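Visitor: Here's my sequence, what's the structure:
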Amino acid sequence: MHNFKELNCWQEAKDFSVIVYKITSNFPPSEIYGITSQIKRSAISIPSNIAEGAGRNTNKDFSRFIAIALGSSFELETQFIIASELNFIAEEDVEELILRLNKIQKMLVNFQKHLNK
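Guide: From the prediction side, this is the model:
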């Protein structure tokens, strides 16, 4: 069992989720049950799956949850692109968000490689 709060990937993903929540607060009210909700769910899924995996008994189980977190990150990246094309997020803001998300994705891939050794 790992202490998820000590994991850099969890800390980054958790902080990123807070940023995502703040950004989506500026989305149109008509999207509260649409893309806004989906983006929030994807963002919060990343640190949540890292934390859930940390509570598992084996590295194999933990690795599976890291894979789920990674999947949520790619889902989120897609949603950012769509939100940008709908003009809900400025292009320069979405580029910055995706750069930060790519950093988290790399951290997850590297951590998963470590778990699978």
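Visitor: what packs against the helix ranked longest in the chain?
Guide: Ordering each helix of the chain by length in residues (DSSP state H) puts helix 59-85 first. The contact analysis (3 or more Cβ pairs under 8 Å, 6 or more residues apart in numbering; DSSP states H and E) places helix 59-85 against helix 35-54, helix 91-115. The C-beta positions use only the backbone N, C-alpha and C, and glycine is treated the same way.
Visitor: For residue 82, list the residues it contacts.
Guide: Applying Cβ atoms under 8 Å, 6 or more residues apart in numbering, we find residue 82 in contact with residue 35.
Visitor: On the pLDDT front, check it for me.
Guide: Reading off the confidence values, residue 82 has pLDDT 97.
Visitor: Residue 57 now?
Guide: 90.
Visitor: So which bits of the longest helix of the chain are buried?
Guide: 59, 62-66, 68-70, 72-73, 75-77, 79-80, 83-84 (16 or more other Cβ atoms under 10 Å).
Visitor: now swap in stretch 88-100 and tell me
Guide: In stretch 88-100, counting by 16+ other Cβ under 10 Å, buried: 88, 89, 94, 97, 98.
Visitor: looking at it, the last one is touching residue 79, isn't it?
Guide: What that stands for is residue 98. No: at 10.9 Å, residue 98 does not count as touching residue 79 under the criterion of Cβ atoms under 8 Å.
Visitor: circling back: let me know which of the helices and strands packed on helix 59-85 is tucked in deepest.
Guide: Compared across the helices and strands packed on helix 59-85, helix 35-54 shows the largest average neighbour count, a mean of 21 (mean count of other Cβ atoms under 10 Å).
Visitor: Residue ranges in this structure under the pLDDT threshold?
Guide: Nowhere does the chain drop to pLDDT under 70.
Visitor: Run the angle between the longest helix of the chain and helix 35-54 for me.
Guide: Counting by axes from the mean of the first three to the mean of the last three Cα atoms, to 10 degrees, helix 59-85 lies at 170 degrees to helix 35-54.
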